[in-house]
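*Asks:* from the sequence below, what's the structure:
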Amino acid sequence: MKKTFSLMILAIGFFASITNVLAAPSATISVSKSQIEVGQSVTATITAKNVATWQIYSFNGTGNTNGCEYKSEKVGYDENANNVTKTFKITCTANSTGTIKFSYSAFFADNTYSKITPSDKAYVTVVPARPKSTNNFLSALGVEGALITPDFDKDTLEYTVTVEAGTEKVIINAEKADAKASISGAGEQAVVEGENKFPIVVTAENGSQRTYTLTVIVKEFDPIYVKVDGTKYTLVRKLEELKKPENYVESTVTIDDNVIPALVNEKAVKTLVGLKDEAGNIYLFEYKDGKYERYIEFTFKSLSLNIIKMDKKLIPKYYKEYEVKLFDDTITAYKLSKNSRYAIVYAVNLETGDKELYQIDLIGKTAQEYNEELMDKLTDTEKQNKKMMLIISGIFGGVMLIELFALVLSRKKKNKILDKIKENEMNKVRKEAIKDAKKDTLEENENKIVEKETPIKEESLKEEKVSKVKKSKK
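*Replies:* A predicted model of the protein is given here:
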């Protein structure tokens, strides 16, 4: 018996010695990348195996980095005195091209106090940073088991897909055009009946983003179709899809034996239901006596109005019907002129339920009750102003006519004076011409007389001379 026990002790000791040899501690250093770019980071790891106690004397990175040093647990041991594997890490960022050197020195021992004191190094090459990719496109987009519209094109950002009623989940498949980019929004997504929008965001390596939007429309069970003014709609049967106006409460209404969610304003005696068009847009309609009328509400500070059709008898004097733009809707209103900034509408005050005429400032976006007496005075004043303007215009026109007439008379008088002056000048010229002509004629006649008288005188002189001679002789 003693011999057997001794053999067992020897066997245990033998296997223990073998185990201790096999469990000797060891340590290595490694890096996550052997080459990085300027601005990138790299991690160095010390891996110690079969150790029960340890101490890190130094562990750091130097070279083309801002410097990094191990500052976590430096001394420790396993609480159960078991041999374990222990890792120690530091991360450095490259700040220039060259080399980062990691080095360490440590003490490790196992549970038999077999110890080692390793020191080792690892090197990482730092190269210039390359330009980061700007590619943030998808190369494919789809929904598993369904077809999207339109067909995928990387430059088209909006897509729609319709799935069967009762669908609760869809799987969106999206592939990036650049391996360095990342995608969010793809994969399995929960959906509900109606319209579900999913943004699929592609982030390029340089951080720039592009968003694709996929709208998943889940069909309704047994949709209720209605037609209003030639447009086909379906009744909305989920209350959460309706946008409740401020002065309404949630309720229901029965339409063709179907209980439909509704919004009710008791003071205004209005019941609203939701109608969805074929594109998935939901609008509120007033439902009354089996008929639907588009509901439009405008809020002017503390005043909420629902504009309704106006009886022509209520249209104020001098006002005409126009289509006007108010906020984002086009409505029928009444104005004094096409370019007037003020319009008259007939509306229900949703807080009191009263129906009144309201004057709206289309530019200032304000509203107040229409004051007929004041407006009549303003209208009369305007009419008087118009009359005054007509009188002033008439007077001005008369003055202009008088001035024109005077101008014409003045011109005629001026022309007469000019004609008179011309006539006088012509008479002077004529008289001078006649005078000159007479003078010329007189001189000519005198010359002729002289010419005629000269021979007679000469003859007379001769005779007179002869007579004198005869007398002298006697």
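*Asks:* and the nearest residue to residue 372 once chain neighbours are set aside, which of the three is it?
*Replies:* In space, and not counting its chain neighbours, residue 372 is closest to residue 316: 6.8 Å by CB to CB, 6 or more residues apart in numbering. All C-beta atoms are positioned from the backbone trio N, CA, C, and that covers glycine. Put simply, residue 316 is coil when judged by DSSP: H, G, I helix; E, B strand; the rest coil.
*Asks:* show me the contacts for residue 316.
*Replies:* Neighbouring residues of residue 316 by CB atoms under 8 Å, 6 or more residues apart in numbering: 334, 344, 357, 370, 372, 375.
*Asks:* tell me the domain ranges of the protein?
*Replies:* 22-127, 138-218, 227-290, 296-370, 387-474 (automatic domain parsing).
*Asks:* remind me which residues of the chain are low pLDDT?
*Replies:* Applying pLDDT under 70 to the chain flags the ranges 1-23, 373-474.
*Asks:* how about the helices in it?
*Replies:* Along the chain, the stretches classed as helices by DSSP state H are 2-22, 372-473.
*Asks:* so how far is stretch 324-335 from its chain's centroid?
*Replies:* Mean-position distance between stretch 324-335 and its chain equals 22 Å (CA atoms, centre = their mean, to the nearest Å).
*Asks:* send the alpha carbons of it over as PDB?
*Replies:* Written as PDB, here are the backbone C-alpha positions of stretch 324-335 (Å, rounded to 0.1, in the frame of the first residue of the first chain):
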ATOM      1  CA  VAL A 324     -55.600  84.600 -54.300                       C
ATOM      2  CA  LYS A 325     -52.600  82.900 -52.700                       C
ATOM      3  CA  LEU A 326     -52.700  82.600 -49.000                       C
ATOM      4  CA  PHE A 327     -49.800  80.900 -47.200                       C
ATOM      5  CA  ASP A 328     -49.400  77.700 -49.300                       C
ATOM      6  CA  ASP A 329     -53.000  77.400 -50.600                       C
ATOM      7  CA  THR A 330     -55.000  79.100 -53.400                       C
ATOM      8  CA  ILE A 331     -58.500  80.200 -52.300                       C
ATOM      9  CA  THR A 332     -61.400  82.100 -53.800                       C
ATOM     10  CA  ALA A 333     -61.800  85.600 -52.300                       C
ATOM     11  CA  TYR A 334     -63.200  89.000 -53.100                       C
ATOM     12  CA  LYS A 335     -61.300  92.200 -53.700                       C
END
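*Asks:* list the buried residues in it.
*Replies:* Applying a neighbour-count criterion of 16 or more other CB atoms under 10 Å, one finds 324, 326, 331, 333-335 buried in stretch 324-335.
*Asks:* farthest pair in the residues you listed?
*Replies:* Spatial extent of the buried residues of stretch 324-335 (CB to CB) is set by the pair 326 and 334 at 13.1 Å.
*Asks:* how far away is the residue nearest the centre of the chain from residue 296?
*Replies:* Central residue of the chain (CA atoms, centre = their mean): residue 328, 14.8 Å from the mean position. Look at residue 328 and residue 296: by CB to CB, to the nearest Å, they are 10 Å apart.
*Asks:* coming back round to it: restricted to buried residues, select the contacts of residue 316 in ChimeraX.
*Replies:* One line in ChimeraX is enough to select the buried members of these, burial here meaning 16+ other CB under 10 Å:
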select :334,344,357,370,375
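*Asks:* format the contacts of residue 316 as a markdown table; extra columns: distance to residue 105.
*Replies:* Converted to a markdown table, these look like this (distance: CB to CB, whole Å):
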| residue | distance to residue 105 |
| --- | --- |
| 334 | 93 |
| 344 | 92 |
| 357 | 93 |
| 370 | 93 |
| 372 | 99 |
| 375 | 97 |
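*Asks:* now for the contacts of residue 316, which pair is the farthest apart?
*Replies:* Pairwise distances across the contacts of residue 316 (CB to CB) peak at 13.0 Å, for the pair 334 and 372.
*Asks:* identify the residue spatially nearest to residue 166, adjacent ones excluded.
*Replies:* Nearest residue to residue 166, sequence neighbours excluded (CB to CB, 6+ apart): residue 221, at 7.3 Å.
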